[in-house]
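Visitor: Everything below, folded, please.
(3 chains)
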Amino acid sequence: MTVGSQRAAVLGVGQTKYDTTYPGSMAGMLREAATNALEMSALGWDDIDAVIMGKAPDFFEGVMMPEVYLAEALGCVGKPIMRVHTAGSVGGSTACVATSMIQSGLHERVLTIGWEKQSESNAMWALSLPQPFATSVNAGAGGYFSPIIRRYMMMTQAPELIGCMVALKDRRHALANPYAHLHQPDLTFEQVVESPMLWDPIRYSETCPSSDGACALVLGSETVAEAHVGPVAWIKGTAMRSESGSFGGRNMVSPAASEACANDVFTQAGIHDRRKEIDAVEMYVPFSWYEPMWLESLGFAEKGEGWRMVESGATSIDGGDLPVNCSGGVLSSNPIGASGMIRFGEAALQVMGLAGDHQVDGAKTAVGHAYGGAAQYYAMWVVGSEK
Amino acid sequence: MRDVAVVAFAQRQEPRIDTESEVEFMVPLMNKAKDAVGLTQQEIGFTCSGSSDFLAGQAFSFVMTIDGTGPVPPISESHVEQDGAWALYEAWVKLQCGEVDTALVYSYGKSSPGSLRDVLATQMDPYYVAPLWPDAFAIEAMAARLLLERGVVSEQQLAEIASRSRAHAASNPHAIRTTPKSAAEILAEDYAVAPLRPSDLPASADGGAVVVLAAGDRARGLCERPAWIRGIDHRSDAHTLGVRDLTRSMSARIAAEKAGVGTDRIDIAELHAPFSTSEAVLSTALGLGDDTVINPSGGAQAAHTMMASGLIRIGEAAQRISRGEADRAVATAASGPCLQQNLVAVLEGE
Amino acid sequence: MADEVLRAPLVLEYPFTRTTGAVIGAFLTGLREGVVLGVRRSDGSVMCPPLEYDPITSESLSELVPVSTTGTVETWTWNGAPRPQQPFSRPFAWAMITLDGADTPLLHGVLVDGPDQMRTGMRVELEWRPQREGHITDIAGFLPATESASGSPGAVPAGVEEVRSVRTPIRMEYTYTPGRALSQYLRAMKDRRILGDQCPETGQVFVPPRGVSSIAGKATLPDLVELPDTGYIESFNITRVPIKMRPDLTPPYVSAWIVLDGASVGFMGLGMNVEPEDVRVGMRVRAVWKPDDELEMSAQNILGWEPTGEPDEVIDDYSRVGRPQDAGGS
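Guide: Numbering: from 1, shown residues only, chains lettered A, B, ... in the order given. Predicted structure coming up:
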């Protein structure tokens, strides 16, 4: 930590069961996640100093600036509430902003919540609103990322089914996470391989679902964390980086912003050998091939070798030395505004020893990662069980 | 707390900007502010912006504008879907953490493409209120009636506020409603949305603003007379109109206390008051006296750029301090119906 | 150019469907059944319409209380020019109305002939919509209360199907304007010309033009450059499932990043007159234009991109896109 910056820790993580439709109201969904987080942190609504909310475009729910409507349901009468929006990385950047509220010395206890109730509209519609004068191939997010994946496959000559291995692994991991949207106990490798090709080379089973859900974190200062009876996750570093989505010479497979974000956060956290020192990674993988790509970009694998790590089983909770997405990841649950925060929260649960059936034994240091836009926005944090 | 100051400010407000996209009109402002302090984008520690997708009619609308900062190589950057004043707050907090010494803050909005009054209806309770499509001016008008009928303010006082806004705006090259009108002339206007008259409503604008923040000696090195942020805080009221006392602003009062408004005299107050009634409520909530000049720029009534009005209040106040026209100022930003959320900043020359 | 500003209408609309939860659902169920419900707060007061969480104390609320259908106007304003989707199509008053039995007002419309018929403190009675579905508009609006109006509260409905979701369609209209650089591009499109703009520092050429170079953080040069309608595919996607919103696109179809000769970076275009299996990274393509008499100021003039048959572009770095240097043709 740098001079002037106070230590901050995660005291509580709360989630809703991710699903196609959350059956209650918008406020109800946020309250459920927040209440769960408050319970874990043994705090009440009155203890919270500020709320930092994050979510993706408001067109998903058709409510403009929903922090205005939801302020009172989140106990913010007389308190500050802010709303972050950084596209897909928003859940992560929201947690970073909330952390700075504590690191600055401004607040002692902050509630942060990422959410999306995309069942109220339709994700495809909200992501491809018409633009006059323009053409659109309506390929969606999958169609945007599949050409990049195609380049990665050509670059590395990776076996064609690496993506399917990632998809199967994440869905298997999800079985041990009661909050995950997709629970597919009978899914086999063959079924993944034979699932319909959507955006060639991405198959149906290699694609994230569209989910409703909320993830809330309660962050506290060092004093608050010390007084907490129970484990906390110390925030060792946070970083955000953004770059232009399109320019000549841009590295699309491992964008400069991704590498810069990773370098910054690992330097802050004092990590020198990333693969050795990190015990669990929650990485934003909405399409299977992004796991080997991010393994390389975040420096866990050499360039061109990420797919080998996947193939070797290194990223599985069963016997892998760098388990990735033990929660099931974005491939198993994707409420867009929450997904980044779920990554950050799940990383915290790992080092708190509270990840239940998807706990990595003895995890002491974990990474949360989120990205968004044209793979141009990145947010990361490193959390540890020791200060 | 670290001393953080506003060291540069640029703005543009026009009735409509039809021929330029948001990023096209923001880039010159960004460069003007950066050039004023001789900083390149790569030298700036953190960037934060504010804008609204709903206003733009486009999801992820802020993505295009980020390109205007020149984020190649990558920059440390964030965005709020709120008025730029909240982006400034986030940047101020980042500077408090001590890792960076400078920040670029910008926000913008075009109200002309859509119907702002209708767009703002979508901010309201989505089950009980928004489906009736009450426009934002009607909601403010109902609050205004309460203020008048309960004797908190008179129509004469509202007309004087509106008249003063026009008088001040006459010397502001960025203001839109600049024609002088006396209070009597304003009282003679037919109601626009009873009991609000046309002059009581904001003059809608397209545009944006850019602010550069710097900490400590860095600020002193970049600007001759930095406008130091001595205190800054923001609070929310309830959303449900029926539960609120719409004649007073509890959130503004608390934010003002936390920001330290009452601890010394205030020379000027730039209040984010789109309606005459909002100014009446805010000046009471902040405890402003007769020796404070309110909205020397003409305020948000004279030019209201949605998503930037609050940031512009901060910039206008800071600018006057930097020019030596004031020593201590208050600036506010508001969000939500009837001043539901308020941010208050106290600025001072050294 | 003294041309008129380019404008196009942009309509965003969707029938948002919201699940309600127990309290909002109960209120809407009540409306459907012809009963107005409030909720009791911990201080004993009744909030109507009911919220699930007390706005001041944050507690969960659940005790539903029937309230009257007559009430008092707390404040109002006149709506002389009603807009679509508002409660009435002729001029009416917006009002905050506290129903007897409730302690907080709700917002709705009062139908009277003119603002002179409205005053704070007047008594109004609720008018039900004949067909109700569990929506705030089941209340058609309010009228001045008749002498005999008692509006005694009904009972909390029991044994009926609970409302669990509500449709709240949203429609918003915008007038979109493309901006300086894009407008020049669109005008040139009508003449079958493709224009790009240039970064003032690196000379990179962007198609479609952006007005701003993201590399320099500056406006692009005012003079746009003309590019040929040929280029190459630098990567591509094959969509193999039908997209509901685009019945005109029959899968499998190819969406490709097309880098025009002279451009520094690509844009997404549709592959045409080629089997998906035959598309290659590096394949050279040319635009397929609409017939001359169908050309408009739109990028839709180009229907797609078809192979030219020339030898492929050689790409040596698969991780990068476009041409970083000033492009001087292929």
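Visitor: Could you use CA atoms for every contact and neighbour count after this?
Guide: OK.
Visitor: and the closest residue to chain B within the stretch 151-300 of chain C, how many neighbours does it have?
Guide: Residue of the stretch 151-300 of chain C nearest chain B, by CA to the nearest CA: residue C:217 (3.5 Å). Counted with other CA atoms under 10 Å in any protein chain shown, residues neighbouring residue C:217 total 24.
Visitor: which parts of the stretch 1-150 of chain C sit against chain A?
Guide: Within the stretch 1-150 of chain C, the positions near chain A by CA under 8 Å from any CA of the partner chain are C:8-10, C:12, C:14-22, C:24, C:52-58.
Visitor: hmm, which of the residues you listed are the buried ones?
Guide: Buried residues within the residues of the stretch 1-150 of chain C next to chain A, counting neighbours by 16 or more other CA atoms under 10 Å in any protein chain shown: C:10, C:12, C:14, C:16-22, C:24, C:52-58.
Visitor: where's the closest residue to the residue of the stretch 151-300 of chain C closest to chain B other than its chain neighbours relative to residue B:124, distance?
Guide: Excluding the flanking residues, the one nearest residue C:217 by CA to CA, 6 or more residues apart in numbering or on different chains is residue B:70, at 3.5 Å. Using CA to CA, to the nearest Å, residue B:70 is found at 36 Å from residue B:124.
Visitor: now residue C:97
Guide: From residue C:97 over to residue B:124 the distance is 17 Å, taken as CA to CA.
Visitor: any idea where the helices of the stretch 51-200 of chain A begin and end?
Guide: Assigned by DSSP state H, counting those that start in this stretch, the helices in the stretch 51-200 of chain A fall at A:66-70, A:90-103, A:123-127, A:140-156, A:162-174, A:189-194.
Visitor: Okay, buried residues for the second one please.
Guide: In other words, helix A:90-103. In helix A:90-103, counting by 16+ other CA under 10 Å, buried: A:90-103.
Visitor: again, but for the fourth one
Guide: Neighbour counts using 16+ other CA under 10 Å place A:140-153 of helix A:140-156 among the buried residues.
Visitor: What of stretch B:121-138?
Guide: B:121-138.
Visitor: How about stretch C:210-222?
Guide: By 16+ other CA under 10 Å, the buried positions in stretch C:210-222 come out as C:210, C:211, C:212, C:213, C:214, C:215, C:216, C:217, C:218, C:219, C:220, C:221.
Visitor: again with stretch A:212-232
Guide: A:212-222, A:225, A:231-232.
Visitor: The host helix or strand of residue C:236 near chain A anywhere?
Guide: Assigned by DSSP states H and E, residue C:236 belongs to strand C:230-239. Yes. Using CA under 8 Å from any CA, strand C:230-239 reaches chain A at C:235, C:236, C:237, C:238, C:239.
Visitor: and that strand, which strands flank it?
Guide: strand A:197-200 (antiparallel), strand C:253-260 (antiparallel), strand C:284-289 (antiparallel) (DSSP bridges).
Visitor: After the longest one, heading C-terminal, what element do we hit next?
Guide: Under the assignment DSSP H and E, the closest C-terminal helix or strand after strand C:253-260 is strand C:267-270.
Visitor: That next one - what's its average pLDDT?
Guide: Here strand C:267-270 scores 94 as its mean pLDDT.
Visitor: can you check stretch A:12-28 too?
Guide: Averaging pLDDT along stretch A:12-28 yields 98.
Visitor: Then stretch C:292-312?
Guide: On average, stretch C:292-312 scores 96.
Visitor: just stretch C:225-239 next, same as before
Guide: Throughout stretch C:225-239, pLDDT has a mean value of 97.
Visitor: Would you mark the buried spots in that stretch?
Guide: Using 16+ other CA under 10 Å as the test for burial, stretch C:225-239 gives C:225-227, C:229-239.
Visitor: From residue C:158, how far out is residue A:24?
Guide: The gap separating residue A:24 from residue C:158 is 20 Å, by CA to CA.
Visitor: Looking at the two, which is more packed in?
Guide: Between residue A:24 and residue C:158, residue A:24 has the larger neighbour count (other CA under 10 Å), namely 19 against 10.
Visitor: List the contacts of the residue nearest to the spatial centre of chain A.
Guide: Of all residues in chain A, the one closest to the mean position by CA atoms, centre = their mean is residue A:340, 2.7 Å from it. With contacts defined as CA atoms under 8 Å, 6 or more residues apart in numbering or on different chains, the neighbours of residue A:340 are A:88, A:89, A:90, A:91, A:92, A:93, A:114, A:284, A:368, A:369, A:370, A:371.
Visitor: what's the answer for residue A:320, then?
Guide: So residue A:320 contacts A:313, A:314 (CA under 8 Å, 6+ apart).
Visitor: any idea how far it lies from residue A:98?
Guide: Using CA to CA, residue A:320 is found at 32 Å from residue A:98.
Visitor: ok so, going back, ok, and which of the buried residues of helix A:140-156 reach chain C?
Guide: A:143, A:144, A:146, A:147, A:148, A:150, A:151, A:152.
Visitor: Do I have it right that the third one meets residue A:198?
Guide: The reference is to residue A:146. No. Under the criterion of CA atoms under 8 Å, residue A:146 makes no contact with residue A:198, lying 9.8 Å away.
Visitor: Show me what from the stretch 201-350 of chain A comes close to chain C.
Guide: By CA under 8 Å from any CA, the part of the stretch 201-350 of chain A that sits against chain C consists of A:201, A:244, A:246, A:247, A:248, A:249, A:250, A:251, A:252, A:253, A:254.
Visitor: how about TSV for the residues you listed, with distance to residue C:306, secondary structure and pLDDT added?
Guide: Listed next are those as TSV, based on distance: CA to CA, whole Å; DSSP: H, G, I helix; E, B strand; the rest coil; pLDDT from 0 to 100:
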residue	distance to residue C:306	secondary structure	pLDDT
A:201	21	coil	95
A:244	29	coil	96
A:246	23	coil	93
A:247	24	coil	96
A:248	23	coil	96
A:249	25	coil	96
A:250	25	coil	96
A:251	26	strand	97
A:252	25	coil	96
A:253	26	coil	97
A:254	30	coil	98
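Visitor: the inter-axis angle of the strand holding residue C:236 versus helix A:140-156?
Guide: Orientation check (axes from the mean of the first three to the mean of the last three CA atoms, to 10 degrees): strand C:230-239 against helix A:140-156 gives 110 degrees.
Visitor: Quick one: classify residue 23 as helix, strand or coil.
Guide: Using chain A. Using DSSP: H, G, I helix; E, B strand; the rest coil, the secondary structure recorded for residue A:23 is coil.
Visitor: Residue C:21 is in contact with that one, correct?
Guide: Yes. Here residue A:23 reaches residue C:21: they are 6.7 Å apart, a contact under CA under 8 Å.
Visitor: For the residue sitting furthest away from the middle of chain B, list the residues it contacts.
Guide: Within chain B, residue B:73 marks the point farthest from the mean C-alpha position, 31.2 Å out by CA atoms, centre = their mean. Shown in contact with residue B:73 (CA under 8 Å, 6+ apart): A:243, A:256, A:257, B:42, C:215.
Visitor: Report pLDDT for residue B:273.
Guide: 97.
Visitor: residues near it, how many?
Guide: Using other CA under 10 Å, residue B:273 has 28 neighbouring residues.
Visitor: can you give me the helices for chain B?
Guide: Using DSSP state H, the helices of chain B run over B:22-37, B:53-56, B:62-66, B:84-96, B:116-119, B:136-149, B:155-169, B:183-187, B:216-222, B:250-259, B:276-285, B:299-302, B:309-322.
Visitor: Tell me the helices and strands packed up against the fifth one.
Guide: If you count contacts as 3 or more CA pairs under 8 Å, 6 or more residues apart in numbering or on different chains; DSSP states H and E, helix B:116-119 packs onto helix B:53-56, helix B:136-149.
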